[in-house]
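Visitor: this is a predicted model, with the sequence first.
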Amino acid sequence: MTETAATINSRAFTDRMFRRLFLPTLLSAIGWALGDVADALFVGIRLGRVGLATMSLVAPVYMIYNVLDVGIAIGTSVKYSQALGKGDAKKGTETFSQMLVMAVAVSAAVCVIGLVGMPYILRFLGAGSEGGDLWNYTKEYLQIMFLGAPITFLYFLLYYCVRCDDNEKLASAGYTIGYLTDVVASAVFIMGFKLDVRGAIYATVLGKAVGVIIFLFHFTRKWAILRFRLFRPDLKLVLSVLKTGMASSFGYIGQFITLLVVNNILMKIGGSSALAQLNVVQDVSYVALAIYTALGDTVQPLSATFYAEHNHEATKRIMMLGTKIGVISGGVIAALFAVFAPSVCRLFGLTGSTVSEGAFAVRLFCLSVIPAGYNIIWSSCFQAIKKERIVFIINQMRTFVCFLAFAFVLSNFELRWFWFVFLGAEVMTIAVWTLLVRRQKFDVSDKVFTYLLDVNNSDISDMLNQTEVFCEEHDANPKQVYFITMCVEEVCQAITENAFNKTGDEYIQFTLCFENGGSVMLHFRDNAVNFNPFGMKTGQNYDDPEQLASLGIQMVKSKSKQFFYRHYSGFNTLTVEVE
């Protein structure tokens, strides 16, 4: 089988894993977008411009929230995926346990600080005079928001981690149902019970509580690896997780400052009408960029897994799929919003001349959709491969540095030209990080060997010969070479004889890597039915055919430093560490 054919056939793994994770993640992203849009939609219909202005004022607080809850969640899920990719389930569960406690503690602190400091927060946000409508609406919203902080933190942490534990369907169900609950409850609380902005935040907290309950069902699954374990506090581990997560979520700090500044700029040049237009544009962005949120959340765990396996070709393939889908789908979505921009503005409660002004703002925003998506997808990939510095730069540039630079310049012109700020910030961000990436050196080990075994059309002897040659070229000692080739032969034979039916496309993807610490990692992935070679019946009764067939596997188990099996994203995955 030629190298080109092997590359094409290996896509049976990467493409299927991508599709399996992307579809439920897309549903989750759509649910999230609808939940955020619903609050503004019903508040706008009920209260008009003052309601939309209130939603714009509380948005900066959400940015601070997201620094913490999303940062903890993403960092935990990336480290969890990397640990399982290396076959270290104990490290994965320890990471989750420590960060679960961290999430609860931080959310409790947020709740207390928010409630005690409420007057100062309202003045800082620019909520108008004390006792006014804008002040009271914003206060009512934030009080409930801070009380619901623990539920929000748990919601995001459980979603990201359950999704990485091969239960993307349940994760998607909890996420989507949670946000759909938010949509329905918003309509009932705001329009039915006349709770105004309180109804919006009540619905948001209720939706997340429903999601948390659904996520908890994952822990009733016997095959689930994700568990809470008692642990010794490990500050180094916690800081490592926060470093990874905050590289992405710290961009929300920039968004927090940006929104405060932009809110003040728009109030000066256009009043509450300009703030209402901003809120409409933000709500459009939630829907328009949902596809990229889904693509980023798909790329991230898969890239982290392949990075841990040193499977660089698979990572490139995942990024190619994400970028291709993003450009096509994002362009279509942006075009639809541009065409129906006036109707969208009316839907959110804008009236009179603000409809045409808002439509112009939406159309200018639509020009930035594809560049924004490109930044989002690549940021997720860089985060997965431990390039936190680039992630930090991308998020700070597009939401803070470049955005504010364009905002200050464009504020000197008519309001309608201010909305070019989105396109300018995204394009400049791409230019900056692309230049930085070209100058950076990426750690791509040359001590990695990959082979795709076509079970029905290839002889395993070629795979063994190439493995042996590769090991000798990298100065492996005879003992290592013998055990590695024995492990490859026994594992592949066990899978071939017990899991495949010898019909159709049946493959075993093998990756071998010499780690810096001196150990050797062997990664096997196959598209057979659920089968764990190390789960075969073992023993010394040679009259038992199953025990006799597992003799080779018993020897591999006895000589391995550690081994780990899981069924992940539709495939059997086995990792064996050899000293």
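Guide: Now that the structure is in, tell me what you want to look at.
Visitor: and the helices in the stretch 151-300 of the chain?
Guide: 168-186, 197-216, 235-249, 251-288, 290-309 (DSSP state H, counting those that start in this stretch).
Visitor: between these, which one is closest to R363.
Guide: Checking those against R363 by CB to CB gives helix 251-288 as the closest, at 10.0 Å. All C-beta atoms are positioned from the backbone trio N, CA, C, and that covers glycine.
Visitor: mean confidence score for that closest one?
Guide: Averaged over helix 251-288, pLDDT sits at 82.
Visitor: how about stretch 569-579?
Guide: 86.
Visitor: cool, stretch 219-226 as well?
Guide: Mean predicted lDDT for stretch 219-226 stands at 90.
Visitor: got a list of contacts for stretch 227-244?
Guide: 71-72, 74-76, 78-79, 93-100, 102, 219, 383, 386, 388 (CB atoms under 8 Å, 6 or more residues apart in numbering).
Visitor: quick one, what contacts L21?
Guide: So L21 contacts 163, 168, 298, 301-302, 569 (CB under 8 Å, 6+ apart).
Visitor: mind running it again at 10 Å?
Guide: 163-164, 166, 168, 171-172, 294, 297-302, 318, 568-570 (CB atoms under 10 Å, 6 or more residues apart in numbering).
Visitor: in what helix or strand does it lie?
Guide: helix 3-47 (DSSP states H and E).
Visitor: after that helix, next one along is what?
Guide: Per DSSP H and E, the helix or strand that comes after helix 3-47 is helix 49-85.
Visitor: and that following helix, what's buried?
Guide: 49-85 (16 or more other CB atoms under 10 Å).
Visitor: report the distance from that helix to the chain centre.
Guide: 11 Å (CA atoms, centre = their mean, to the nearest Å).
Visitor: point out the other helices and strands that whichever helix or strand comes after it packs with.
Guide: Using DSSP H and E, the helix or strand that follows helix 49-85 in sequence is helix 89-116. Counting contacts by 3 or more CB pairs under 10 Å, 6 or more residues apart in numbering; DSSP states H and E, helix 89-116 is packed against helix 49-85, helix 118-125, helix 133-147, helix 149-164, helix 235-249, strand 562-568.
Visitor: please repeat the previous calculation with a cut-off of 6 Å.
Guide: helix 49-85, helix 133-147, helix 149-164 (3 or more CB pairs under 6 Å, 6 or more residues apart in numbering; DSSP states H and E).
Visitor: which of the contacts of L21 are buried, as a PyMOL select command?
Guide: Restricted to buried positions by 16+ other CB under 10 Å, the PyMOL selection for the contacts of L21 reads:
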select buried, resi 163+164+166+168+171+172+294+297+298+299+300+301+302+318+568+569
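Visitor: for Q255, list the residues it contacts.
Guide: By CB atoms under 6 Å, 6 or more residues apart in numbering, the contact set of Q255 is 63, 399.
Visitor: let me fix that, I meant to ask about A171.
Guide: A171 touches 159, 162-163, counting by CB under 6 Å, 6+ apart.
Visitor: export those residues as TSV, with columns for distance to A431 and pLDDT.
Guide: Putting those into TSV (distance: CB to CB, whole Å; pLDDT from 0 to 100) gives the following:
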residue	distance to A431	pLDDT
Y159	33	93
V162	37	94
R163	33	88
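Visitor: from those, which single one is nearest S343?
Guide: Y159 (32.5 Å).
Visitor: hmm, the closest one is touching Y175, no?
Guide: Yes - assessed by CB atoms under 6 Å, Y159 is found in contact with Y175 at 5.3 Å.
Visitor: which parts of the stretch 451-579 of the chain are strands?
Guide: 507-514, 520-526, 562-568, 571-578 (DSSP state E, counting those that start in this stretch).
Visitor: now do the third one: everything it contacts.
Guide: To tie it back to what came earlier, the one meant is strand 562-568. Under CB under 6 Å, 6+ apart, the answer for strand 562-568 is 87, 89, 166, 530, 532, 534, 573-577.
Visitor: quick one: strands adjacent to that strand?
Guide: strand 571-578 (antiparallel) (DSSP bridges).
Visitor: mind listing what's buried in stretch 476-491?
Guide: Applying 16+ other CB under 10 Å to stretch 476-491 flags 476, 480-481, 483-485, 487-491 as buried.
Visitor: now swap in stretch 397-417 and tell me
Guide: 397-404, 406-407, 410-411, 415.
Visitor: circling back to that earlier point, scan the contacts of strand 562-568 and report the most crowded one.
Guide: V576 (27 neighbours; other CB atoms under 10 Å).
Visitor: that residue reaches L522, doesn't it?
Guide: Yes - using CB under 6 Å, V576 makes contact with L522 at a distance of 4.4 Å.
Visitor: now distance to M555 too, for the strands of the stretch 451-579 of the chain, in CSV please.
Guide: Output for these, formatted as CSV (distance: least, CB to CB, whole Å):
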stretch, distance to M555
strand 507-514, 19
strand 520-526, 15
strand 562-568, 12
strand 571-578, 12
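Visitor: which secondary element of the chain has the worst mean pLDDT?
Guide: Sorting the helices and strands of the chain by mean pLDDT, DSSP states H and E puts helix 545-549 at the bottom, at a mean of 55.
Visitor: so which of the helices of the stretch 151-300 of the chain is the most surrounded?
Guide: For the helices of the stretch 151-300 of the chain, the largest average neighbour count (mean count of other CB atoms under 10 Å) is found in helix 290-309, namely a mean of 26.
Visitor: so which elements touch the helix or strand following that helix?
Guide: The helix or strand immediately downstream of helix 290-309 is helix 312-339, counting by DSSP H and E. For helix 312-339, the contact count by 3+ CB pairs under 6 Å, 6+ apart identifies helix 3-47, helix 251-288, helix 290-309, helix 353-366, helix 369-384 as packing neighbours.
Visitor: try it again with 10 Å
Guide: helix 3-47, helix 251-288, helix 290-309, helix 341-347, helix 353-366, helix 369-384, strand 448-454, strand 507-514.
Visitor: what residue ranges in the stretch 1-150 of the chain score low on pLDDT?
Guide: 1-10, 49 (pLDDT under 70).
Visitor: among the strands of the stretch 451-579 of the chain, which comes closest to L206?
Guide: Per CB to CB, nearest to L206 of these: strand 562-568, 32.7 Å.
Visitor: and the direction of that closest one versus that of helix 89-116, what angle?
Guide: Here the directions of strand 562-568 and helix 89-116 differ by 60 degrees (axes from the mean of the first three to the mean of the last three CA atoms, to 10 degrees).
Visitor: chain center to strand 562-568, what's the gap?
Guide: The answer for strand 562-568 is 22 Å, by CA atoms, centre = their mean.
Visitor: now it: buried residues?
Guide: Quick answer for strand 562-568 (16+ other CB under 10 Å): 563-566, 568.
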